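*Asks:* Need coordinates for the below:
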Amino acid sequence: MERTLAVLVVVSSGVVAGVLFAVALSVLPALSAMPADRYVYAHQLLGRNWDPTMPLVVLGSTVADLVLAVAAPGSSRVPFTAGAVLLLAVSVVSHFCNVPINRRVKAVDPADIPHDWQDPRPLWRRWHLLRTVLAVLGAAANALALALY
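*Replies:* Take a look at the predicted model:
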């Protein structure tokens, strides 16, 4: 049972890292190249499936890591704990940094961008890159934990 959970946490944390990496590599440059109205419209579309799904995957992986940090054999406990801490950090950055920006962008009408609108893309990108690094490190910690299992 624990070994199956360990495989699932490696897969789920890998999905988190992969999605965030793909956004950093491809989606962010595309969004940055768009005029403000197209960016707002695209950002609103991209969040429709992301917003309800990714928190469940990230937090589910974190909980699985915590279970494994307690239940797994001794040599894999430390990397499972590290995976949990790193994925929790992804969640914290997302919740307190990226999500508030997302809410502000969702509130803007793409056809009527205010004259004093502050473009959130540079700040959103910095927070996204931080959570991407944290997610990749979390996935690596989980892979190491599984290798040591």
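*Asks:* all helices for this protein, in order.
*Replies:* Taking DSSP state H as the test, the helices found in the chain are 2-22, 28-33, 36-71, 74-93, 99-106, 121-148.
*Asks:* Adding distance to H115, write those helices out as JSON lines.
*Replies:* Just so you know, the C-beta spots here come from the backbone N, C-alpha and C atoms, and that holds for glycine as well. Rendered in JSON lines, the data for the helices of the chain read as follows (distance: least, Cβ to Cβ, whole Å):
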{"stretch": "helix 2-22", "distance to H115": "33"}
{"stretch": "helix 28-33", "distance to H115": "21"}
{"stretch": "helix 36-71", "distance to H115": "11"}
{"stretch": "helix 74-93", "distance to H115": "31"}
{"stretch": "helix 99-106", "distance to H115": "16"}
{"stretch": "helix 121-148", "distance to H115": "18"}
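*Asks:* Reformat those helices as TSV; add mean pLDDT.
*Replies:* Listed next are the helices of the chain as TSV, based on pLDDT from 0 to 100:
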stretch	mean pLDDT
helix 2-22	97
helix 28-33	97
helix 36-71	94
helix 74-93	97
helix 99-106	96
helix 121-148	98
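*Asks:* Format those helices as a markdown table; extra columns: mean neighbour count and distance to P114.
*Replies:* What follows is these, written out as a markdown table (neighbours: other Cβ atoms under 10 Å; distance: least, Cβ to Cβ, whole Å):
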| stretch | mean neighbour count | distance to P114 |
| --- | --- | --- |
| helix 2-22 | 18 | 30 |
| helix 28-33 | 13 | 19 |
| helix 36-71 | 17 | 10 |
| helix 74-93 | 20 | 27 |
| helix 99-106 | 15 | 11 |
| helix 121-148 | 20 | 16 |
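*Asks:* Out of those, flag the one nearest D112.
*Replies:* Comparing the helices of the chain by their distance to D112 (Cβ to Cβ), the top pick is helix 36-71, with 8.7 Å.
*Asks:* Thank you kindly, that will do.
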